[in-house]
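Engineer: A structural model of the following input is requested.
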Amino acid sequence: MPFQIDPWTRRRFLQLTGLAGAGVTLGACASEPESPADQGGGQAPSPVFNEPATKLSGELSILLWSHFVPSHDTWFDSFAKDWGKKVGVNVRVDHVDVGNVPTQIASQIQAGQGHDILQYIATLSEFEEGVLDLTDVNEEVTNRHGEQLEICRQSSFNPHTNKFYAHAPGWVPDPGNFRKSLWEPVGFPDGPSTWDDLLQGATEIKKSQGIPVGLGMSQEIDSNMFGHAVLWSHGASVQDENENVALDSPETVAAVEFVQKLFKNAMTDEVFSWNASSNNEGLIAGELSYILNSISAWRSSQEANPQVAKDTFFVPALEGPETALAAQHVMYNYVVPKHAKNPDAAKEFMLHYTDNFGLATYHSRLYDFPSWSSLSPKLGDWLSSDPFGAKPADKLSLLGNVDTAAEWSASIGHPGPSSPAIGEIIGTFVIPNMFARAARGGMSPEQTVKRAHQECERIFSRWRKRDLIGGG
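Structural biologist: This is a model prediction of the structure:
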């Protein structure tokens, strides 16, 4: 019998990718220009191959997003098919615009037929009942490569059911991107290091040059990342470590009051209607002074607007009253649905891909970071001397290496797991809406926090009744 998806799930994915409401998609992100070719400062690692634990045959079908950096997909398609030839499996790879991946996943799992591997750039925890347990894959990778980063484990493992609903081989950090020529004259040549720095500098830049910061409060995924970063830095969070809703607190109210002031001083009404590519486009066009993003907008500007690329620099998570944390920009989740016809080949391919994640890092122009630190041993060298034309060459050195970036990054469920309840809260934009209501003046900070807390309680209650989350 096909797996029955909660009606909310389909709606969550439509909202998450901007297909609901205004009808926007993330397609603009996927069509960013490819960054310059290898400048000779680095070299791709050699591929490795381990014989599968069992004899394989038949076909393997893989559905995944069209990567923001096109060179990754050129490499991946060849890589997957070459592996298939070695092990006797006919591999088919289907790339889909990221805005259409979620509905594909939802429809396939509900119908009980489709691809053997489904991949997305965010946690797929809400599909746990319709996918295979991948504990064996994750344990084998850990045996080969050491401990997985906690941020990635929390984004693929449900501690309540003790199940790895996904394999998370890689992730993408979310640093601040700032224009040096705008920040230096206002006293921050190295960009802001605290949220108060951001408020002070951005206020002056907006006043003197009319250029705002690019931090959204709309129905799109980057607005979620901004909202959670502000919450955590103020000592607030949606849930506690035991999966109990903890949003209604003085710390959350303080975070909302801060964003209220930031919006008034340094933002425009456009942030309430942004889609997920708006901050990228604004930075590339030279119309924003600061955004929270991966390195993809900057990579695009290397060709689209070289002057902006040269002027764009990066900072880690901003320090708040309590801490400095940023959400991950992308969290890869690979799942094997229960309808998969070739689950053995699916699992063996995941192992092979993960063994070679250094290649994924290189061919994504350093966009993709591994979930196991040892998988990209050259990453620190590449970030210190960018193989793809950064000016200066050490522009990405603040990212240090995998462990450095993870120190100021957190999974979206922090300090608890990225559970199905957290997935729904992300997909229904509870947090961006909370900030937006206060910024627009429709509610006081205290009122909007209480409303958001009640929404979270209802969501948690539904998933707790299905025995898929803890707490209570």
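Engineer: give me the number of residues near the closest residue to Lys163 other than its chain neighbours?
Structural biologist: Nearest non-adjacent residue to Lys163, counting by C-beta to C-beta, 6 or more residues apart in numbering: Asp133, 4.9 Å away. Backbone N, C-alpha and C define where each C-beta goes, glycine included. By other C-beta atoms under 10 Å, the residues close to Asp133 number 15.
Engineer: Quick check, pLDDT for Asp133.
Structural biologist: On pLDDT, Asp133 comes in at 98.
Engineer: so how far is Gln200 from the one residue sitting closest to the centre of the chain?
Structural biologist: The residue lying closest to the centre of the chain (C-alpha atoms, centre = their mean) is Val330, at 1.9 Å. Distance, Val330 to Gln200, by C-beta to C-beta, to the nearest Å: 30 Å.
Engineer: All the helices of the stretch 101-250 of the chain, residue numbers only.
Structural biologist: 101-111, 135-145, 150-153, 180-183, 195-209, 221-233, 250-266 (DSSP state H, counting those that start in this stretch).
Engineer: coming back round to it: residues contacting the residue lying closest to the residue nearest to the centre of the chain once chain neighbours are set aside?
Structural biologist: Closest residue to Val330 apart from its sequence neighbours, by C-beta to C-beta, 6+ apart: Val172 at 3.7 Å. The contact partners of Val172, taken as C-beta atoms under 8 Å, 6 or more residues apart in numbering, are Ser294, Gln328, His329, Val330, Met331, Tyr367, Asp368, Phe369.
Engineer: Now list the buried members of those residues.
Structural biologist: Ser294, Gln328, His329, Val330, Met331, Tyr367, Asp368, Phe369 (16 or more other C-beta atoms under 10 Å).
Engineer: okay, now the domains of this protein?
Structural biologist: 7-172+332-397, 176-327+412-465 (automatic domain parsing).
Engineer: ok, of those domains, where does mean pLDDT dip lowest?
Structural biologist: Taking the mean pLDDT of the domains of the chain, domain 7-172+332-397 comes last: a mean of 87.
Engineer: Which among the domains of the chain is found nearest to Ala405?
Structural biologist: domain 7-172+332-397 (6.4 Å; C-beta to C-beta).
Engineer: now that closest one: how far from the chain's centre is it?
Structural biologist: Remark: domain 7-172+332-397 is offset 12 Å from the chain centroid, using C-alpha atoms, centre = their mean, to the nearest Å.
Engineer: Then stretch 432-439?
Structural biologist: 22 Å.
Engineer: send the alpha carbons of it over as PDB?
Structural biologist: Extracted in PDB, the C-alpha atoms of stretch 432-439 (Å, rounded to 0.1, in the frame of the first residue of the first chain):
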ATOM      1  CA  PRO A 432       9.900  34.900   9.600                       C
ATOM      2  CA  ASN A 433       6.200  35.700  10.100                       C
ATOM      3  CA  MET A 434       6.800  36.400  13.700                       C
ATOM      4  CA  PHE A 435       9.500  39.000  13.000                       C
ATOM      5  CA  ALA A 436       7.600  40.500  10.100                       C
ATOM      6  CA  ARG A 437       4.400  41.200  12.200                       C
ATOM      7  CA  ALA A 438       6.500  43.300  14.600                       C
ATOM      8  CA  ALA A 439       8.600  45.000  12.000                       C
END
